[in-house]
Structures are given as C-alpha cells and as structure tokens.
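Visitor: sequence and computational prediction follow.
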Amino acid sequence: MDLKSNHGCRILTDPIPITKPRLQFHDSLLPLSSSEVFSHGPFLTIPWNKPGLLDDVLSTSWLDDMKSSSPRHMIKYNGNEFSTNDVDAAYHNWMLNYPSALTSIEHIMNNAKGKRIALFLDYDGTLSPIVDNPDHAFMSNAMRAAVRNVAKYIPTAIISGRSREKVRKFVGLKELYYAGSHGMDIMGPVQCSADHTTEIKEGNLYQPASEFLSMINEVFVSLVKITKNIKGAKVENNKFCVSVHYRNVDEKSWKTVAEYVQDTLKHYPRLRLTHGRMVLEIRPVLKWDKGKAVEFLLESLGLGSCDDVLPIYVGDDRTDEDAFKFLREGDRGYGILVTPAPKESSAYYSLRDPSEVLHPKGGIAPPFAYHLVMQALQAS
C-alpha cells in the first residue's frame with residue numbers, strides 16, 4: 001500500500017514576529033503586544049482587592065475541592081459516593097452518558113468522512129500513566145512509535161500543563177506541535193528542504209504570557225523554600241505556571257500545602273490558582289487555557305474556519321475540560337476523557353486508560369488512534 005501523508009497543514013518557515021502573522025490569525029488569537037488583544041484586554045476582569053478571589057482553593061470548600069479532584073478511597077459522581085470497590089458498576093452506568101470511543105468508533109468515523117482530522121493530546125494520564133514522581137512519567141517506546149505514526153497522517157499536537165521543554169523531552173518527536181504550560185508556550189515544526197531531503201526542525205510559535213516569566217520564577221523559588229519541610233511535596237516550574245504536587249503528601253498535610261500556596265499568592269494578584277489531579281497550579285490571570293490553545297493551533301494549521309475539519313481532543317484532567325468545552329460549542333469536534341473512574345465532563349466520549357488511546361494491545365481490538373489513521377488514509 002502506498003501510504004500518503006494527510007497533513008495538509010501550513011508550517012512556519014521561520015519564527016517571524018507574531019504581530020504580523022503570515023497565517024492570518026483570528027483577532028482573538030493575536031499576541032499581548034497588540035493593542036486590540038481580546039475585546040476586554042488580555043487579562044480576566046477581577047477586583048484584585050477583594051478577598052477570596054483565587055479560583056478554587058480560596059473558596060470556603062477549597063479543601064473539599066482538593067479531595068474531590070484527588071480521590072483516594074471514595075469517588076463522587078452525580079451526587080453519589082462510590083467506594084473504589086464499586087467503581088466498576090459506577091463506571092458502567094457512567095458510560096451511558098460517556099460511551100467508549102472504541103465502541104463508538106463507527107459513529108465517530110461516519111462523522112469524520114470527508115473531513116480532515118486534527119488530533120490534540122494531553123500528556124500525563126493520556127500518553128503516560130500517572131505516577132508518584134512526576135519526573136518519571138515516561139511514555140513507552142511503543143506509545144512513542146504510535147504517536148509518530150499518527151503524526152504522519154494527521155496534524156498532531158501535545159497540550160500539557162508541563163513546560164514545553166519537559167514534555168518535548170518526554171515525547172522526543174520533532175513532527176508534533178507542542179503547547180506547554182496549558183497552551184501558554186507553543187512550538188511548531190519547521191520543514192527545511194536541502195538536496196531533495198526534508199529535515200524537520202523546531203521554531204517558536206506563540207508565548208502569550210511572556211511578561212509573567214519573572215513573576216512565575218519568583219513564586220516557584222518561594223514555594224520550594226516554604227514547602228521543603230512537607231514530606232512528599234514537590235514544586236515544579238513549568239515556565240509559565242507552577243505546579244505544587246501533593247500526591248505523595250499525607251492527607252493531613254494537604255491543608256498546610258494549600259495555605260502555603262494561598263499565602264504566597266496574596267502577593268501576586270495577577271496569578272490565579274487552579275486544581276489538577278493531586279496538584280495545585282499557579283497560572284497567570286490571562287484569557288488563555290487549553291481550549292484557547294486548540295483554537296490557536298487550528299488557526300495556525302489553516303483549519304480554523306474550515307467546515308471539513310474534525311478536531312479531536314484526548315485528555316484526562318480538569319484542565320482539559322477547557323478544550324472539551326471549546327469543541328462542544330457549536331459541535332466543532334469531539335472531546336474524549338481518559339479516566340478509570342466516573343466523573344462529570346464536557347467530553348463526548350471516554351477511554352479507560354492510556355492503552356486505549358494509542359498503545360496497541362496485541363490480539364485485542366486496535367486502539368483509538370489506529371482508526372484515526374485508517375480514516376486519514378481513506379480520505380487521502
């Protein structure tokens with residue numbers, strides 16, 4: 001079989017100033033240096049001097065929010081609590097609303113006929129398993145090979161809360177778009193031809209939060225210092241955001257972790273706090289998230305205003321919900337939630353674990369991305 005690429009995407013040839021974009025970006029996607037960024041300016045409208053403004057953690061139920069986003073023994077869904085022993089029954093009922101993307105593949109592919117697919121992937125919990133030490137969240141060689149194969153035929157991007165450099169190092173592929181720090185640091189591939197050969201290199205694409213770099217670093221240094229005596233706490237500098245991991249912290253000390261973060265952020269009103277899986281994340285108060293990153297990447301791929309495009313986003317965390325919501329609006333595409341336990345989501349479909357995303361299960365039904373590649377080949 002003669003396999004042909006189905007990319008059809010525009011590649012930046014040099015890191016030109018984004019203030020004069022050659023890819024005709026939508027006005028809402030222009031950089032912070034523009035005087036017309038967003039209809040109400042680049043920052044969220046927040047009354048800085050009032051108490052209780054930092055997103056989740058400063059609410060009266062912030063400790064409950066930490067627990068609900070990081071379940072250990074009980075799982076809450078639809079107002080009910082399930083023990084981990086009952087999760088299979090609860091998951092089966094949950095899938096009535098979030099059917100498996102594998103069992104729904106025929107429906108998805110029917111809707112993909114005549115369309116170009118663009119694939120967006122989270123990293124932790126999607127391409128790699130969730131592990132105790134975030135520095136050891138390695139993807140398998142088989143998964144890497146699968147991602148490389150998909151990227152040959154489908155425009156593919158990794159959108160992670162990790163720093164772009166770190167997730168790029170974990171994945172180790174030049175053929176992809178990378179959006180680190182929840183989409184605040186985006187890099188795309190650059191194709192350079194010489195002597196009838198094509199070499200793929202990397203070039204910076206977009207960094208909407210550049211002015212926050214020094215502020216983020218200050219917070220990182222401060223949090224490393226004040227949490228050093230909390231056993232199991234780990235502070236990670238993801239360039240445009242700071243992650244405070246409490247996965248290995250005794251639950252009795254979670255409140256202390258959150259209070260340290262809260263006290264630190266009192267001095268930085270332009271930063272906000274959000275929840276992830278066993279992690280508190282400090283991010284700029286900016287109209288930017290994984291949903292905006294998907295929108296930006298579709299525009300830069302020349303796919304933003306096309307009716308023949310089907311974007312698919314696969315992720316597992318709260319921060320991926322922004323991308324799910326963006327795709328659900330106007331039925332732009334499909335969000336697929338990777339989770340072994342039931343939880344509310346704006347996704348359409350579900351997968352139970354990373355093995356169902358890309359990694360082949362020899363002898364068992366092909367993973368989801370296999371079907372995407374087959375669809376891309378049929379459309380080429």
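Guide: Looks like it arrived, so ask away. Numbers count the residues shown, from 1 in each chain.

Visitor: kindly state the beta-bridge partners for residue 313.
Guide: residue 120, residue 335 (DSSP bridges).

Visitor: in stretch 109-119, what's buried?
Guide: Neighbour counts over stretch 109-119 (16 or more other Cβ atoms under 10 Å) mark 109, 112, 115-119 as buried. (Glycine included, C-beta is placed from N, CA and C.)

Visitor: those: which two are farthest apart?
Guide: For the buried residues of stretch 109-119, the farthest-apart pair by Cβ to Cβ is 109 and 118; their separation is 15.2 Å.

Visitor: distance of the nearest residue in space to residue 161 that is not next to it in sequence from residue 263?
Guide: Nearest residue to residue 161 in three dimensions, chain neighbours excluded: residue 182, at 5.2 Å (Cβ to Cβ, 6 or more residues apart in numbering). As defined by Cβ to Cβ, to the nearest Å, residue 182 lies at a distance of 23 Å from residue 263.

Visitor: check residue 343 too.
Guide: Relative to residue 263, residue 343 is positioned 30 Å away (Cβ to Cβ).

Visitor: same check on residue 115?
Guide: Separation of residue 115 from residue 263 (Cβ to Cβ): 50 Å.

Visitor: tell me how many other residues surround residue 352.
Guide: By the other Cβ atoms under 10 Å criterion, the neighbourhood of residue 352 contains 16 residues.

Visitor: equivalent analysis for residue 279, please.
Guide: Number of residues near residue 279 (other Cβ under 10 Å) recorded here: 23.

Visitor: residues in contact with it?
Guide: Residues near residue 279 by Cβ atoms under 8 Å, 6 or more residues apart in numbering: 161, 243-247.

Visitor: quick one: it from residue 270, how far?
Guide: According to Cβ to Cβ, residue 279 stands 21 Å off from residue 270.

Visitor: higher neighbour count, residue 182 and residue 263?
Guide: residue 182 (30 against 11).

Visitor: isn't the more buried one right next to residue 243, touching?
Guide: No - using Cβ atoms under 8 Å, residue 182 is not in contact with residue 243; the gap is 10.2 Å.

Visitor: any shared contact partners between those two?
Guide: Common contacts of residue 182 and residue 243 (Cβ under 8 Å, 6+ apart): 161, 281.

Visitor: residue 355 falls within a helix, correct?
Guide: Yes - under DSSP: H, G, I helix; E, B strand; the rest coil, residue 355 sits within a helix.

Visitor: my guess is it contacts residue 367, does it?
Guide: Yes - Residue 355 lies in contact with residue 367 (Cβ under 8 Å); the separation is 7.0 Å.

Visitor: now residue 317: phi and psi?
Guide: Here the main-chain torsion angles of residue 317 (degrees, to the nearest 10) amount to phi -120, psi 170.

Visitor: what's the burial count for it?
Guide: Around residue 317 sit 24 other residues, with neighbours defined as other Cβ under 10 Å.

Visitor: show me what contacts it?
Guide: With contacts defined as Cβ under 8 Å, 6+ apart, residue 317 is in contact with 122, 124-125, 161, 276-277.

Visitor: who's in contact with stretch 232-239?
Guide: 133-134, 161-166, 180-181, 184-185, 213, 216-217, 220, 223-224, 227, 242-250, 253, 257.
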